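*Asks:* what would the 3D arrangement of this be:
(chains A and B)
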Amino acid sequence: MGGIALTLLGLSAPPALAGKADDTLNVAFALEPEALDTYKIAGREGLILARHIYDGLLYKDLDTGEIKPALAKAWRFTDPMTMEFDLREGVIFHNGAKFTADDVVYTLNTVLDPNYGTRFRIAIDWIEKVEKVSEFQVRIKMAKPFAGAVEMLADALPIYPAAYFKEVGSAGMAAKPVGTGPYRLVEMTPGIRYVFERFDGHYTGSPKGKPAIGKIVVRTIPELNTQFAELLAGKLDWSWRIPPDQAARLASRIQIVNGPIMRIAYVGLTVTAKGKDYPTKNLLVRRAINHAVNREAIVKAFAGGASQVLNAACNPKQFGCAQDVATYAYDPAKAKALLSEAGFANGVDIEMVFAAMPRPVAEAVASDLAKVGIRVTLNEQQYAAGVQKWRAGELPAFFTNWGSYGTGDVAFIISNFFGGGADDLVQDKEVIDLVTAADTAQDRGLRQENYAKALKKIADQAYWLPMYDFNINYGLSTALNFKPHPDEFARWWLSSWK
Amino acid sequence: MLPFLARRLIVAVLVALAVSMVAFGLMFVAGDPAVVLAGQAGRAQDVEMIRHAYGLDRPLPVQFLDWIGRALTGNFGTSLYFNLPVATIIGERLPVTLMLGSAAFLLAMLVSVPLGIAASLKPGGLLDRAALLLAVLGQAIPSFWLGLILIVVFGVWWGLVPISGTESWQGYILPVIVLSYYAMPALMRLTRAGMIEVLGADYIRTARAKGLARLRILMVHALRNAVLPLVSLAAVQFGMMLSGSIVIESVFAINGLGRLAWESLLRSDLPVVQAIILILSLIYVTLTTAADLVNAWLDPRLRSA
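*Replies:* Here you go, the predicted structure:
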């Protein structure tokens, strides 16, 4: 169907230059953005919009990997569990309020309160409390050593205006968000339409810089074919998550930019589940699974773009993602031999649930496994249902993906799956100790070393079948300069017209 | 008539409540809303926290009674997804749905009823065959396909109308056409069949024998009896148009109640789903009640039934 529409679209006139003429970046998302109180949302769309409205204490320049000062002009660890921040003076919020230490203290202490309902505890559960030192100085007392602290403070924990936040609460922030960011929200129909204007009062010296584009209009257009029509008709400047085959067809008509992202696909294999004795408990079976799947062919056929096959249980773009681990080349004969050795000469049956993954990819994996005698019962489920079954130990194999919160540090992936928590159905004591040591150390060398050891053991023991990393195709107007980043955060403040 | 009306209204409210109760229970069967809300990056501890923060750890009957209690005072709670009052969210989408559904219904009736009457006058004639071809096409062409073709031709090639959204009234043109086109075949066929049947009845022959004008026979004597089943079907069709064709709303990026219901279901936004189900079931029951009343007015024999 998309093909027919695209073919028809191909007969149309050349696209106009969309919003360049009126300096308006026209954006389309397929999914509706959530409420713009960053602390309560999980979806990427809402988080992208929020980063245009709000600023954090720090900022990570993804191009250089450097952490830069943002609302804090300087910071330091006064002891391993205490951070101090010198705040920037002369910053104002979109409502005209002056930014001071009170805003930092009130915002962070409020969202720390369990009753507030902050969505991802991982973002804040390392903070014990925030104290005011002076009007432009604050202190963060840590609740536990957490290597990802600085990473989290870089834009993931935005600062709200204390007086306004106190008055309107989370719902008020969602209804009328106010921040210090480079754009201010001037109009909103929740989930449907958002209009942003460049905030002329944005503080000088912001690492986000002064945006080149004056206005942004974001709309939700769920149907991709409709998005393509809008792009080709010159009414849209930016859209994303365009499937590889469609991107190839559109490439001659609009600008297609491809970029790798932090998200990876993997198959989790259950080793320990109460009362269940899955074949995946057997190391030889797990290794056979790793040898049986032709990941190169699958990546080539389905992922396209910048995607690549993975060996370690993380994304190579992340800090600490050691690549010096055991690799399992596609070798069906070896997989069969390993199965025989494991006592499954006549093959073995396993159930694999897949969620948030394309069905053809899951079918390709199952088909490869079947070729060596691993008969897979394939079930597609919503992510929530699948992960519930996984956590309950009711699944030997779960094929899905993980985005690490878009964060370039392995702490945000292997700690979740191998750190001994509810998602860890391996429960390898040695790996848990290594991951915990790495997670809580400040020394980067020591962290890297421990993560590397953990990843090596994970690969040796074939606890996972790491599949591939994802890439995103962006469909852009030919008049737009836009650079994609691997954390799936569009930075329109860096965009400009050609 | 009044006791009849009162009885129907009470039934309407009870049906709406029963439907809401079933829908409420089904949402939990489909998966733990707390896990859905936590999203794909949510860890087990995040899920626990969300379950508590949103009161999802309370017994189901307590949650339902809490909701009913508030709903009766007009408070549908806060959307878990948008963190805004449900009434605000629905208030933004309901007018779009009413506009789209009403316009499509009106267009469908304006085209299909006269066409059905015209086709019935000469069964097997050229007009009849053309009308039937239109009906077959209407049933055979998927609405998303028709929608996309219209978008390409009128939106991209000729640039006559907006491709998506309803920021201007022109944005309604294509979705109204597609939505009404989908409803036309059944309405047209039923009008045609009803008219053919009635036109062969004895009282029409009598009317003709009396020398009454043809138009008067058609519109007063025949149509009044032929439309009885049409009224019931039209009520259901109108209800379907108001509950929104999710496909059409998706293709044209129209933010009506249908799509809101579907997406809220997927993201387990309980308060929104409950409110929409209540509203839509009330709309359905109201429409079918109205159809019964219209039929009772058209055919006095039904009033005593």
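*Asks:* strands of the stretch 151-300 of chain B, residue ranges please.
*Replies:* Using DSSP state E, counting those that start in this stretch, the strands of the stretch 151-300 of chain B do not appear at all; there are none.
*Asks:* that one against chain A: which residues are in contact?
*Replies:* Residues of the stretch 151-300 of chain B that fall close to chain A, judged by CB under 8 Å from any CB of the partner chain: B:151-153, B:155-157, B:159, B:163-165, B:167, B:250-253, B:255, B:259, B:263, B:266, B:268. For every residue, glycine as well, the C-beta is placed using N, CA and C.
*Asks:* report the central residue of the chain.
*Replies:* Going with chain A. The centre of chain A sits closest to A:Gly406, judged by CA atoms, centre = their mean, with a distance of 3.0 Å.
*Asks:* wrong one, chain B
*Replies:* When CA atoms, centre = their mean is applied to chain B, the residue found nearest the centroid is B:Met240 (2.1 Å).
*Asks:* assess the claim that that residue and B:Ala186 are in contact.
*Replies:* No: with the criterion set as CB atoms under 8 Å, B:Met240 and B:Ala186 do not qualify as a contacting pair; they are 10.5 Å apart.
*Asks:* how about the nearest residue to the residue of the stretch 351-498 of chain A found nearest chain B, chain neighbours excluded?
*Replies:* Each residue of the stretch 351-498 of chain A has a distance to chain B, by CB to the nearest CB, and the smallest belongs to A:Ala422, at 3.1 Å. Closest residue to A:Ala422 apart from its sequence neighbours, by CB to CB, 6 or more residues apart in numbering or on different chains: B:Ala44 at 3.1 Å.
*Asks:* repeat for A:Leu338
*Replies:* Across the structure, with CB to CB, 6+ apart as the measure, the residue nearest A:Leu338 apart from its sequence neighbours is A:Ala288 (4.0 Å).
*Asks:* I figured that neighbour was touching A:Ser340, is that so?
*Replies:* No: counting by CB under 8 Å, A:Ala288 stays clear of A:Ser340, with 9.2 Å between them.
*Asks:* these two - which one has more neighbours?
*Replies:* Between A:Ala288 and A:Ser340, counted using other CB atoms under 10 Å in any protein chain shown, the more crowded position is A:Ala288 (30 against 15).
*Asks:* list the buried residues of the helix or strand encompassing the more buried one.
*Replies:* Assessed by DSSP states H and E, A:Ala288 sits inside helix A:283-292. Applying a neighbour-count criterion of 16 or more other CB atoms under 10 Å in any protein chain shown, the buried positions in helix A:283-292 are A:Leu284, A:Val285, A:Arg286, A:Arg287, A:Ala288, A:Ile289, A:Asn290, A:His291, A:Ala292.
*Asks:* between which two of those residues is the distance greatest?
*Replies:* The widest separation within the buried residues of helix A:283-292, taken as CB to CB, falls between A:Leu284 and A:Ala292 and amounts to 12.1 Å.
*Asks:* picking that back up, for burial, what's the neighbour tally of the residue of the stretch 351-498 of chain A closest to chain B?
*Replies:* As a measure of burial, A:Ala422 has 15 neighbours, counting by other CB under 10 Å.
*Asks:* I figured it hits B:Asp46, correct?
*Replies:* No: taking contacts as CB under 8 Å, A:Ala422 lies outside contact range of B:Asp46: 10.2 Å.
*Asks:* can you give me the strands for the stretch 51-200 of chain A?
*Replies:* A:58-61, A:66-69, A:72-79, A:82-87, A:127-134, A:137-142, A:183-189, A:193-198.
*Asks:* distance of the residue nearest to A:Ala50 when sequence neighbours are not counted from chain B?
*Replies:* In space, not counting the residues next to it along the chain, A:Ala50 is nearest to A:Thr38; the distance is 4.3 Å by CB to CB, 6+ apart. Going from A:Thr38 to chain B by CB to the nearest CB, to the nearest Å gives 11 Å.
*Asks:* quick check: A:Thr38 vs A:Arg44, distance?
*Replies:* Going from A:Thr38 to A:Arg44 by CB to CB, to the nearest Å gives 12 Å.
*Asks:* now find how far off-centre stretch A:279-296 is within its chain.
*Replies:* Chain-centre distance of stretch A:279-296: 27 Å, with CA atoms, centre = their mean, to the nearest Å.
*Asks:* now what about that stretch, what contacts it?
*Replies:* A:267, A:269-272, A:309, A:328-332, A:334-336, A:338-339, A:341-342, A:344, A:348-350, A:365, A:368-369, A:371-372, A:374, A:396-397, A:461-463, A:465, A:467-468 (CB atoms under 8 Å, 6 or more residues apart in numbering or on different chains).
*Asks:* just the buried ones from those?
*Replies:* Neighbour-count burial (16+ other CB under 10 Å) is assigned, among the contacts of stretch A:279-296, to A:267, A:269-271, A:309, A:328, A:330-332, A:334-336, A:338-339, A:342, A:344, A:348, A:350, A:365, A:368-369, A:372, A:374, A:396-397, A:461-463, A:465, A:467-468.
*Asks:* next, the buried residues of the biggest helix by length in chain B.
*Replies:* Counting residues, the longest helix found in chain B (DSSP state H) is helix B:86-121. Within helix B:86-121, the residues scored as buried using 16+ other CB under 10 Å are B:86-87, B:89-90, B:92-94, B:96-97, B:99-101, B:103-105, B:107-109, B:111-113, B:115-120.
*Asks:* buried residues in the helix or strand just after it?
*Replies:* Tracing the chain past helix B:86-121, the next element assigned as helix or strand by DSSP H and E is helix B:126-140. In terms of neighbour count (16+ other CB under 10 Å), helix B:126-140 has its buried residues at B:Asp128, B:Ala131, B:Leu132, B:Leu134, B:Ala135, B:Gly138.
*Asks:* then stretch A:114-123?
*Replies:* Of the residues in stretch A:114-123, those scored as buried under the neighbour-count criterion (16+ other CB under 10 Å) are A:Tyr116, A:Gly117, A:Thr118, A:Arg119, A:Phe120, A:Arg121, A:Ile122, A:Ala123.
*Asks:* turn these into a markdown table, including distance to A:Ala411 and pLDDT.
*Replies:* Compiled in a markdown table, the buried residues of stretch A:114-123 are given as follows (distance: CB to CB, whole Å; pLDDT from 0 to 100):
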| residue | distance to A:Ala411 | pLDDT |
| --- | --- | --- |
| A:Tyr116 | 24 | 89 |
| A:Gly117 | 24 | 84 |
| A:Thr118 | 19 | 88 |
| A:Arg119 | 19 | 83 |
| A:Phe120 | 14 | 83 |
| A:Arg121 | 15 | 83 |
| A:Ile122 | 9 | 84 |
| A:Ala123 | 12 | 88 |
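*Asks:* sounds good, over and out.
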